[in-house]
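K.L.:
Give me coordinates for this.
(chains A and B)
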Amino acid sequence: MTPEILPDHLIIAPILIPLVAGAIMLFYNDRNRQTKLIMGLVAVGLMFLCSTELMNSAKELTTGGETIVRIYRLGDWPVPVGIVLVLDRLSAMMVMLTSLLAAPSLIYAAAGWHGKGQHYHSMFQFLLAGVNGAFLTGDLFNLFVFFEVMLAASYGLMLHGSGPERIKAGLQYIAINLAASLFFLIGVALVYGTTGTLNMADIARELATLEPAQRLLFHAAAGLLGIAFLVKAAVWPLCFWLPATYAAASPPAAAIMAIMTKVGVYVILRLSLLILGSEAGASVGFGAPVLMIGGIVTMMFGTIGVLGTPDLAHKGGYLAIISSGTVLAAIGFSQAGGGPEILGGALYYLIGSTGAISAFFLIAEPVSRGDQGDDDDAASGAEAANEQLAERWDWTPMGLDSVEDTPAPASTRTVSWLAMAICFSLIAAMLAGLPPMPGFIGKFAILSGAIRDNVGLNGQLPAMMWVYTAMLILSGLGALIGLLRFGIRRFWAEAGPAPRILALEIVPVLMLLGMILLLTIRADAVLNYTRDTAHALVDSSIYRQAVLHDAERVDAAPPQNFEPVEGKEEESE
Amino acid sequence: MELILALAIGVLTGSGVWLLLRPRSYQVIIGLCLLAYGVNLFIFSMGRLYVGAAPIMPKGGFVDPTAYADPLPQALVLTAIVISFATTALFLVVMIASRGITGTDHVDGKERNP
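P.N.:
So this is what the prediction gives:
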């Protein structure tokens, strides 16, 4: 167990652990849900330990002044030929975030949701394997494969529990993702056709010396890949699938799917800064305006959506859209030369807001359980809502048991209801970006970075930056108004009996809130980490040189003798 | 050969996109299949077109790479075919479930003019 061997193999652990755990679960009868739950929790725990270790190693490497990128050669082929996994600060951070979101979602599912269909736990683990793989891989086609693993599992999770509402949303969700995958494939093929490689670092190297005609094709490829990832990241106008899908999915599935929009954001962040970053020759900053404008419009769309929809789960979808838009616009600014500080703040915001959105999806269902609807449409809406709710609860395929839904609770206001109210207000404060919460700290860091690095020679901020600043604040205000309206009506104005809420449904929310609290208390450490990450990302040569470190050897190989060798020829005959 | 392949990809993709935008789920799935075929051919063509060249090199010794086709796009196509086939099959299942539950094959789950 030499120190060189161990950490190298650790890189693949976050993919292997859930993959193996999910596969083993398939051997058990689906009625052994408790066994599967425990196995899932153990797998997630192991994954968390691995990600902690990976993150520590990523951090140690930096403080040692060394390269901050580690590679793992999957088939032990030399680098540009074989597929590699790449661990750097960003991927370590994202893997950590995945494992942190996984445990609460699993515990929440134990409250009854995992019994509403088959193979919930296996699909959950496969989803984690796909997400971690997408974060860790350094190869474009491998990324496609992990994307498909993740998507296939998410189709199953999204449809988990069945029912007309889910199947209708699922049909559209699958269709749009299949179309996006085809875009992805066209992009990958074009990248291979123009640069002759699929290794991300190698693509970046090839791009610098591409001929103009090939470069044009490469730009087309980048655009097509961008469409594929922006569909996943839910940027306007490619985001209309998101609120309906996430609202229709069961709460624990929606909570883990909150990380999936961030996979799209991650890939865009990785590729746009690595390949189209500062050293891309004539392609510098390609796509940055799209990210900036797209991100800002997405924030506007999300804000309007949060204000417009009365349904809490739909609000969650729009909040996810706002969060995506905020980070995407920051990536665009950073790619266009806005400096790494703005990106560091955005990464911090990404961690906090993803956790909060995950918690929001978990809390949305218990809080709106038995909700009579808005006063405006109470007369017409209540009947339909009840009918719909009853339908949802009664629909138990294969006679599996369902969540407790006793209509007559003992008292009007229970302790659990109070806990829910407090959790809801904390999450709302986080998503709106009110001061002690990470949402505020993240937005503040973005703004301070934006203003510090981007004041021009004439002492003016660029106009686009003003718009971004305004949207950053307005989107928070929109979220605050939208959530407060719901909170006041639901928790204060309604006199009816409180719905019954299980402890298993409160604990995961508290776990996520604990994580958010920790993010506030340790804000300096996390912000330092994300800022260093952003610095490393903006200077794309770090990643490229680390990955291609061994590749020099291949290039320096003696020129091959293309003439058929006489002796060898005879041997083969 | 380039012209034939380009036309084939164009026709497949064009009809795929048109069908994908239709309101019936059956048309959507056929459109997705056609699109996948077009994309697979496109990936294949990105390794450049060779006539009568094998993608596998013989054992031993250095060979003239210009006499062989690029094997990588063929491997990519194989993966892409498997994945798109599997996801399309899954989509088919969901489509049939949707047809059974809503009673219509409209993608929105209800007819526009009932």
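K.L.:
Low-confidence ranges, chain B, go.
P.N.:
B:61-62, B:113-114 (pLDDT under 70).
K.L.:
So in it, which helix runs the longest?
P.N.:
In chain B, taking DSSP state H as the definition, the longest helix is helix B:71-102.
K.L.:
Skipping adjacent residues, who's closest to B:Arg99 in space?
P.N.:
Nearest residue to B:Arg99, sequence neighbours excluded (CB to CB, 6 or more residues apart in numbering or on different chains): B:Asp105, at 5.2 Å. C-beta coordinates here come from the backbone N, C-alpha and C atoms, glycine included.
K.L.:
Enumerate the residues of the stretch 51-200 of chain A near chain B.
P.N.:
A:141, A:144-145, A:148, A:151-152, A:155, A:159, A:162-164, A:167-168, A:170-172, A:174-175, A:178-179, A:181-182, A:185-186, A:188-190, A:192-193 (CB under 8 Å from any CB of the partner chain).
K.L.:
what sits against the residue nearest the centre of chain B?
P.N.:
In chain B, the centroid-proximal residue (CA atoms, centre = their mean) is B:Ala36; its distance is 1.7 Å. Counting by CB atoms under 8 Å, 6 or more residues apart in numbering or on different chains, B:Ala36 touches A:182, B:16, B:80-81, B:84-85, B:88.
K.L.:
Just the buried positions in the helix or strand harbouring it, please.
P.N.:
Using DSSP states H and E, B:Ala36 maps to helix B:25-45. Buried residues in helix B:25-45, counted by 16 or more other CB atoms under 10 Å in any protein chain shown: B:25, B:27-45.
K.L.:
Also stretch A:13-30?
P.N.:
A:13-19, A:21-22, A:25, A:30.
K.L.:
What about those, which are in helices?
P.N.:
Among the buried residues of stretch A:13-30, the members that lie in helices (by DSSP H) are A:13-19, A:21-22, A:25.
K.L.:
ok, the nearest residue to B:Leu21 once chain neighbours are set aside - contacts?
P.N.:
Excluding the flanking residues, the one nearest B:Leu21 by CB to CB, 6+ apart is B:Gly31, at 7.7 Å. B:Gly31 is in contact with B:15-22, counting by CB under 8 Å, 6+ apart.
K.L.:
7 Å instead, please
P.N.:
Residues near B:Gly31 by CB atoms under 7 Å, 6 or more residues apart in numbering or on different chains: B:16, B:19-20.
K.L.:
Over to A:Ile446?
P.N.:
A:Ile446 touches A:330, A:342, A:345-346, A:349, A:472, counting by CB under 7 Å, 6+ apart.
K.L.:
now, among these, which is nearest to A:Asp532?
P.N.:
A:Gly345 (12.9 Å; CB to CB).
K.L.:
and the gap between B:Gly22 and A:His535?
P.N.:
Just to correct that, residue B:22 is Arg rather than Gly. 49 Å (CB to CB, to the nearest Å).
K.L.:
Check B:Thr66 too.
P.N.:
45 Å.
K.L.:
And those two? Which one has more around it.
P.N.:
A:His535 (18 against 8; other CB atoms under 10 Å in any protein chain shown).
K.L.:
for the helix or strand encompassing that one, which positions count as buried?
P.N.:
A:His535 is located in helix A:523-538, with elements delineated by DSSP H and E. Using 16+ other CB under 10 Å as the test for burial, helix A:523-538 gives A:523, A:526-527, A:529-538.
K.L.:
Turn these into a markdown table, including distance to A:Ala356 and pLDDT.
P.N.:
What follows is those, written out as a markdown table (distance: CB to CB, whole Å; pLDDT from 0 to 100):
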| residue | distance to A:Ala356 | pLDDT |
| --- | --- | --- |
| A:Ala523 | 15 | 86 |
| A:Val526 | 15 | 88 |
| A:Leu527 | 17 | 88 |
| A:Tyr529 | 19 | 86 |
| A:Thr530 | 16 | 87 |
| A:Arg531 | 21 | 86 |
| A:Asp532 | 24 | 84 |
| A:Thr533 | 20 | 84 |
| A:Ala534 | 21 | 86 |
| A:His535 | 26 | 83 |
| A:Ala536 | 26 | 82 |
| A:Leu537 | 24 | 83 |
| A:Val538 | 27 | 83 |
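K.L.:
Among the contacts of A:Ile446, which are located in helices?
P.N.:
A:330, A:342, A:345-346, A:349, A:472.
K.L.:
neighbour-wise, which of the residues you listed leads?
P.N.:
Ranking these using other CB under 10 Å puts A:Ala330 first, with 31 neighbours.
K.L.:
ok, that one touching A:Glu341?
P.N.:
No - taking contacts as CB atoms under 7 Å, A:Ala330 lies outside contact range of A:Glu341: 10.1 Å.
K.L.:
Correct me if wrong: the residue nearest to B:Arg99 contacts B:Val28.
P.N.:
No - counting by CB under 7 Å, B:Asp105 does not reach B:Val28; the two are 9.6 Å apart.
K.L.:
Next, work out how far apart the closest residue to A:Tyr120 other than its chain neighbours and A:Leu418 are.
P.N.:
What sits nearest to A:Tyr120 in space, not counting adjacent residues and going by CB to CB, 6+ apart, is A:His114, at 4.2 Å. The gap separating A:His114 from A:Leu418 is 27 Å, by CB to CB.
K.L.:
These two - which one has more neighbours?
P.N.:
Set A:His114 next to A:Leu418 and count neighbours by other CB under 10 Å: A:His114 wins out with 27 against 12.
K.L.:
Do you know the pLDDT at that one?
P.N.:
pLDDT recorded at A:His114 is 78.
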